[in-house]
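**Q** sequence unknown, structure follows:
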Ligand SMILES: Cc1cc2nc3c(=O)[nH]c(=O)nc-3n(C[C@H](O)[C@H](O)[C@H](O)COP(=O)(O)O)c2cc1C
(Lines give C-alpha, C1' and ligand atoms only; values in the text may rest on other atoms or scores of the structure.)
Protein backbone atom coordinates (compact mmCIF):
# COMPACT_ATOMS: atom_id res chain seq x y z
CA UNK A 1 0.00 0.00 0.00
CA UNK A 2 1.35 3.43 -0.89
CA UNK A 3 2.36 5.61 2.03
CA UNK A 4 0.74 9.00 2.27
CA UNK A 5 3.06 11.97 2.56
CA UNK A 6 2.62 12.50 6.28
CA UNK A 7 3.45 8.84 6.93
CA UNK A 8 6.47 9.12 4.65
CA UNK A 9 7.68 12.24 6.48
CA UNK A 10 7.33 10.38 9.77
CA UNK A 11 9.16 7.32 8.48
CA UNK A 12 12.27 9.13 7.22
CA UNK A 13 14.96 9.51 9.84
CA UNK A 14 18.73 9.78 9.90
CA UNK A 15 19.97 6.22 9.61
CA UNK A 16 23.37 5.87 11.26
CA UNK A 17 24.09 2.16 10.75
CA UNK A 18 23.56 -0.01 7.66
CA UNK A 19 23.40 -3.63 6.57
CA UNK A 20 26.10 -4.68 4.10
CA UNK A 21 23.35 -5.72 1.62
CA UNK A 22 23.66 -3.80 -1.66
CA UNK A 23 20.94 -1.56 -3.05
CA UNK A 24 19.73 -2.90 -6.41
CA UNK A 25 20.14 -0.77 -9.54
CA UNK A 26 16.36 -0.84 -9.88
CA UNK A 27 15.78 0.84 -6.51
CA UNK A 28 18.70 3.21 -6.94
CA UNK A 29 17.33 4.28 -10.33
CA UNK A 30 13.91 4.97 -8.79
CA UNK A 31 15.53 7.22 -6.21
CA UNK A 32 17.56 9.00 -8.87
CA UNK A 33 14.51 9.45 -11.11
CA UNK A 34 12.54 11.03 -8.24
CA UNK A 35 15.54 13.29 -7.67
CA UNK A 36 15.77 14.31 -11.33
CA UNK A 37 12.20 15.63 -11.06
CA UNK A 38 12.99 17.99 -8.17
CA UNK A 39 12.25 21.67 -8.74
CA UNK A 40 14.99 24.31 -8.93
CA UNK A 41 15.15 28.08 -9.28
CA UNK A 42 14.49 29.05 -12.93
CA UNK A 43 14.73 25.31 -13.62
CA UNK A 44 18.53 25.60 -13.78
CA UNK A 45 19.06 22.12 -12.31
CA UNK A 46 22.56 23.13 -11.13
CA UNK A 47 23.42 19.71 -9.81
CA UNK A 48 25.15 16.40 -10.39
CA UNK A 49 24.78 13.21 -8.39
CA UNK A 50 27.81 11.00 -8.00
CA UNK A 51 27.04 7.44 -6.92
CA UNK A 52 29.97 6.10 -4.92
CA UNK A 53 29.97 2.32 -4.88
CA UNK A 54 33.38 1.02 -5.97
CA UNK A 55 35.48 -0.21 -3.05
CA UNK A 56 38.28 2.22 -3.84
CA UNK A 57 36.04 5.30 -4.06
CA UNK A 58 34.12 4.26 -0.93
CA UNK A 59 37.28 3.96 1.10
CA UNK A 60 38.45 7.40 -0.06
CA UNK A 61 35.03 8.94 0.66
CA UNK A 62 35.02 7.41 4.15
CA UNK A 63 38.24 9.30 4.86
CA UNK A 64 36.32 12.54 4.20
CA UNK A 65 33.96 11.75 7.08
CA UNK A 66 35.65 9.44 9.52
CA UNK A 67 32.80 7.91 11.52
CA UNK A 68 32.28 4.21 12.22
CA UNK A 69 28.60 4.27 11.31
CA UNK A 70 29.25 6.14 8.05
CA UNK A 71 31.63 3.39 6.89
CA UNK A 72 28.85 0.76 7.22
CA UNK A 73 26.91 2.16 4.24
CA UNK A 74 27.10 0.01 1.07
CA UNK A 75 26.85 3.09 -1.20
CA UNK A 76 26.67 6.87 -1.17
CA UNK A 77 25.29 9.63 -3.32
CA UNK A 78 27.31 12.85 -3.31
CA UNK A 79 25.10 15.78 -4.24
CA UNK A 80 27.14 18.43 -6.02
CA UNK A 81 26.08 21.99 -6.83
CA UNK A 82 27.25 24.18 -9.70
CA UNK A 83 27.66 27.76 -8.54
CA UNK A 84 28.32 28.86 -12.13
CA UNK A 85 24.93 27.84 -13.53
CA UNK A 86 22.69 28.28 -10.46
CA UNK A 87 20.21 31.18 -10.43
CA UNK A 88 21.32 34.43 -8.78
CA UNK A 89 18.43 36.64 -7.70
CA UNK A 90 18.81 39.95 -9.57
CA UNK A 91 17.57 42.04 -6.63
CA UNK A 92 20.42 41.03 -4.30
CA UNK A 93 22.61 38.50 -6.12
CA UNK A 94 21.63 35.66 -3.76
CA UNK A 95 22.93 32.35 -5.10
CA UNK A 96 20.16 29.73 -5.03
CA UNK A 97 22.50 26.75 -5.55
CA UNK A 98 22.29 25.57 -1.95
CA UNK A 99 18.49 25.75 -1.94
CA UNK A 100 18.25 23.74 -5.16
CA UNK A 101 20.70 21.14 -3.91
CA UNK A 102 18.82 20.86 -0.62
CA UNK A 103 15.54 20.17 -2.41
CA UNK A 104 17.17 17.48 -4.55
CA UNK A 105 18.78 15.95 -1.48
CA UNK A 106 15.47 15.77 0.33
CA UNK A 107 13.95 14.08 -2.74
CA UNK A 108 16.68 11.45 -2.35
CA UNK A 109 15.99 10.86 1.33
CA UNK A 110 12.20 10.75 0.99
CA UNK A 111 12.24 8.60 -2.15
CA UNK A 112 14.63 6.22 -0.40
CA UNK A 113 12.40 6.06 2.69
CA UNK A 114 9.38 5.26 0.51
CA UNK A 115 11.31 2.24 -0.80
CA UNK A 116 12.37 0.99 2.63
CA UNK A 117 15.90 2.38 2.33
CA UNK A 118 17.74 4.43 4.91
CA UNK A 119 19.76 7.60 4.34
CA UNK A 120 21.35 10.41 6.33
CA UNK A 121 22.24 13.94 5.33
CA UNK A 122 25.96 14.49 5.90
CA UNK A 123 27.44 17.98 5.48
CA UNK A 124 30.12 17.93 8.16
CA UNK A 125 32.76 16.37 5.89
CA UNK A 126 36.15 17.40 4.52
CA UNK A 127 35.07 19.33 1.42
CA UNK A 128 38.51 19.81 -0.26
CA UNK A 129 39.27 16.07 0.00
CA UNK A 130 35.86 15.15 -1.38
CA UNK A 131 36.20 17.65 -4.21
CA UNK A 132 39.58 16.16 -5.10
CA UNK A 133 38.19 12.62 -4.98
CA UNK A 134 35.42 13.54 -7.43
CA UNK A 135 37.69 15.66 -9.60
CA UNK A 136 35.24 18.56 -9.51
CA UNK A 137 36.01 21.81 -11.35
CA UNK A 138 36.35 25.07 -9.41
CA UNK A 139 32.71 26.22 -9.53
CA UNK A 140 31.36 22.87 -8.37
CA UNK A 141 30.84 22.13 -4.70
CA UNK A 142 30.20 18.75 -3.09
CA UNK A 143 27.35 19.90 -0.81
CA UNK A 144 25.93 16.78 0.80
CA UNK A 145 26.98 13.15 1.13
CA UNK A 146 24.00 10.81 1.45
CA UNK A 147 24.80 7.26 2.56
CA UNK A 148 22.09 4.96 1.23
CA UNK A 149 21.32 1.37 2.18
CA UNK A 150 19.19 -0.86 4.36
CA UNK A 151 19.01 0.22 8.02
CA UNK A 152 20.91 -2.09 10.41
CA UNK A 153 18.07 -2.08 12.94
CA UNK A 154 14.31 -1.80 12.74
CA UNK A 155 14.20 0.66 15.64
CA UNK A 156 12.88 4.02 14.51
CA UNK A 157 13.88 6.84 16.84
CA UNK A 158 11.14 9.19 17.96
CA UNK A 159 11.08 12.64 16.42
CA UNK A 160 12.32 15.59 18.41
CA UNK A 161 10.72 18.63 16.86
CA UNK A 162 9.44 22.04 17.88
CA UNK A 163 5.72 22.25 18.35
CA UNK A 164 3.69 23.76 15.52
CA UNK A 165 2.65 26.56 17.87
CA UNK A 166 6.31 27.63 18.16
CA UNK A 167 7.02 27.76 14.45
CA UNK A 168 3.81 28.80 12.72
CA UNK A 169 2.14 32.16 12.83
CA UNK A 170 -0.94 33.44 11.10
CA UNK A 171 -1.29 37.06 10.13
C1 LIG B 1 21.82 20.27 6.17
C2 LIG B 1 21.99 19.07 7.09
C3 LIG B 1 23.25 18.65 7.44
C4 LIG B 1 23.42 17.51 8.24
N5 LIG B 1 24.69 17.05 8.49
C6 LIG B 1 24.85 15.94 9.26
C7 LIG B 1 26.15 15.39 9.48
O8 LIG B 1 27.15 15.90 8.99
N9 LIG B 1 26.24 14.26 10.24
C10 LIG B 1 25.15 13.64 10.77
O11 LIG B 1 25.30 12.62 11.44
N12 LIG B 1 23.88 14.13 10.56
C13 LIG B 1 23.72 15.26 9.82
N14 LIG B 1 22.45 15.74 9.57
C15 LIG B 1 21.27 15.03 10.12
C16 LIG B 1 20.56 15.82 11.23
O17 LIG B 1 21.30 15.75 12.42
C18 LIG B 1 19.15 15.24 11.41
O19 LIG B 1 18.42 15.38 10.21
C20 LIG B 1 18.36 15.93 12.54
O21 LIG B 1 19.00 15.72 13.77
C22 LIG B 1 16.91 15.41 12.62
O23 LIG B 1 16.86 14.01 12.81
P24 LIG B 1 16.16 13.03 11.78
O25 LIG B 1 16.80 13.24 10.43
O26 LIG B 1 16.44 11.66 12.31
O27 LIG B 1 14.70 13.34 11.73
C28 LIG B 1 22.28 16.86 8.76
C29 LIG B 1 21.00 17.30 8.39
C30 LIG B 1 20.84 18.37 7.54
C31 LIG B 1 19.45 18.77 7.11
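**A** Cool, the structure landed. This structure is a prediction, so every number in the text was calculated from the model and none was measured.
**Q** what mean pLDDT does the longest helix seen in the chain get?
**A** Counting residues, the longest helix found in the chain (DSSP state H) is helix 97-114. Summarised as a single mean, pLDDT over helix 97-114 is 98.
**Q** buried residues in it?
**A** Along helix 97-114, the positions that meet the burial threshold by neighbour count (16 or more other Cβ atoms under 10 Å) are 97, 99-102, 104-114. (Each C-beta comes from the backbone N, C-alpha and C, glycine too.)
**Q** widest-spaced pair of those residues?
**A** 97 and 114 (26.2 Å; Cβ to Cβ).
**Q** residues contacting the residue sitting nearest the centre point of the chain?
**A** Geometric centre of the chain, nearest residue: residue 105, 3.7 Å, by Cα atoms, centre = their mean. Listed by Cβ atoms under 8 Å, 6 or more residues apart in numbering, the contact set of residue 105 reads 79, 121, 143-144, 146.
**Q** ok, it to residue 31 distance?
**A** The span separating residue 105 from residue 31 equals 11 Å under the rule Cβ to Cβ, to the nearest Å.
**Q** I'd like the mean pLDDT over the longest strand anywhere in the chain, please.
**A** In the chain, with assignment by DSSP state E, the single longest strand is strand 140-149. Model confidence over strand 140-149, given as mean pLDDT, is 98.
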